[in-house]
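In: Take a look and give me a structure for this.
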Amino acid sequence: MELFIGILSTLLIVCFVGIFNLMRQVEKLEDTVEKYQDHLSRLSNVIQESDKYLQELDQSGIFQADDEVGVFFENMRNVQETISRFKI
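Out: This is a model prediction of the structure:
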C-alpha cells in the first residue's frame, strides 16, 4: 500500500512539473502572438493610410500614363492594390 502511494505521489509531482512547464510555454507563445498582432495592426494602419493617400493623388488626375512619372504612378497603384489585400 505504501509503495502504491509512493508511486502515485511521484507521478503526481511529475504531472505538476509537466503542466507548469507547458503553462509557461503557452504564456510565452501568447506574448509572441500579441506582439505579432500589434505589429500587424500597425502595418494595416499604414496600408490604409497609404491607400487613402494614393487614391487622393489619383483623383486629382495629375498623373498621366504617357510619361515616366505616370508609368511609375501606375506601378505604385498596382503595388498598393496588391498590398491592400493584406489589410486586417
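In: what is the mean pLDDT for the longest helix belonging to the chain?
Out: If you go by DSSP state H, the chain has its longest helix at helix 2-60. What helix 2-60 shows for mean pLDDT is 91.
In: following it, which helix or strand shows up next?
Out: Downstream of helix 2-60, the first helix or strand assigned by DSSP states H and E is helix 68-84.
In: Any buried residues in that following helix, and which?
Out: 73, 77, 80 (16 or more other CB atoms under 10 Å). C-beta here means a position set from N, CA and C on the backbone, and glycine is covered the same way.
In: Please name the nearest non-neighbouring residue to residue 58.
Out: Using CB to CB, 6 or more residues apart in numbering and skipping the chain neighbours, the partner closest in space to residue 58 is residue 77 (6.6 Å).
In: Residue 50 versus the one you found, what's the distance?
Out: To residue 50, residue 77 is 11 Å away according to CB to CB, to the nearest Å.
In: One more: residue 28?
Out: Distance from residue 28 to residue 50, by CB to CB: 33 Å.
In: Those two: which has the busier surroundings?
Out: Legend: neighbour count by other CB atoms under 10 Å for residue 28 and residue 50, higher for residue 50 (15 against 10).
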